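**Student:** after the sequence you'll find the predicted model.
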Amino acid sequence: MRTATRTYGTETIKQIDDKKTDYISAKKLADVLGGLPSNVLVDRIARSEQEKPLKGPFWTNQILIYPERDGMFVNADFVDWQTKWLLPAAYIPAEIMGVKGMGLLIEPHSIETERSRTIIHPLGDKVSIIQPFLQESGWGRADLGTGMPVDRPDSEKWMATGEARYVWRVGAPAIRPIARDFGTPMT
């Protein structure tokens, strides 16, 4: 596993960038070193003209959560269709229950394993609603508050503005840590 340190202004990121290292292992190592970088910080560094391009892929400290394509969150624990990772219902904001096209971006406080289930507990108020969340993999214009693509404007002129982000999503309910690699999909 390789680590690298990059400084942006007053902020430093510890980059864990081994493709073979799973998210939980990378997070445990990074927590000892000061934590994984946020998706927004990685975005700021990537857009900075004074920095050299980041090399990736590497993990960020956010986890992307979304229901099946054209689906919605309901008042129940949310479970990833493949990994069986679980977000307890208590952490899903009430205002997005029953609304199509929503996603969540969370910063985990803890990740626990109980009876062969991985349970994600967000850090306090570190739950961001992504509205609208893209229903298909592809390019979208980034929300600068989260670094996540939220819409696809009719005109493609925005692609050259530095606001374009790619998201790879599955059509089923998903809880996916965000791995950034510039020039390739986000998750």
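**Tutor:** Done, it's in.
**Student:** now do the longest helix seen in the chain: distance to the chain's middle.
**Tutor:** When the chain is parsed with DSSP state H, its longest helix is helix 23-33. Between the mean C-alpha point of helix 23-33 and the mean C-alpha point of its chain there is a distance of 16 Å (CA atoms, centre = their mean, to the nearest Å).
**Student:** can you pull the buried residues of it?
**Tutor:** Along helix 23-33, the positions that meet the burial threshold by neighbour count (16 or more other CB atoms under 10 Å) are 23, 26, 27, 29, 30. (Each C-beta comes from the backbone N, C-alpha and C, glycine too.)
**Student:** ok, residue 101 touching residue 132?
**Tutor:** Yes. The pair residue 101 / residue 132 is scored as a contact, 4.3 Å apart, by CB atoms under 8 Å.
**Student:** so the two - more neighbours on which side?
**Tutor:** For residue 101 against residue 132, the residue with the higher neighbour count under other CB atoms under 10 Å is residue 101, and the figures read 18 against 14.
**Student:** can you tell me the closest non-neighbouring residue to residue 117?
**Tutor:** The spatially closest residue to residue 117, leaving aside those adjacent along the chain, is residue 86, at 5.5 Å (CB to CB, 6 or more residues apart in numbering).
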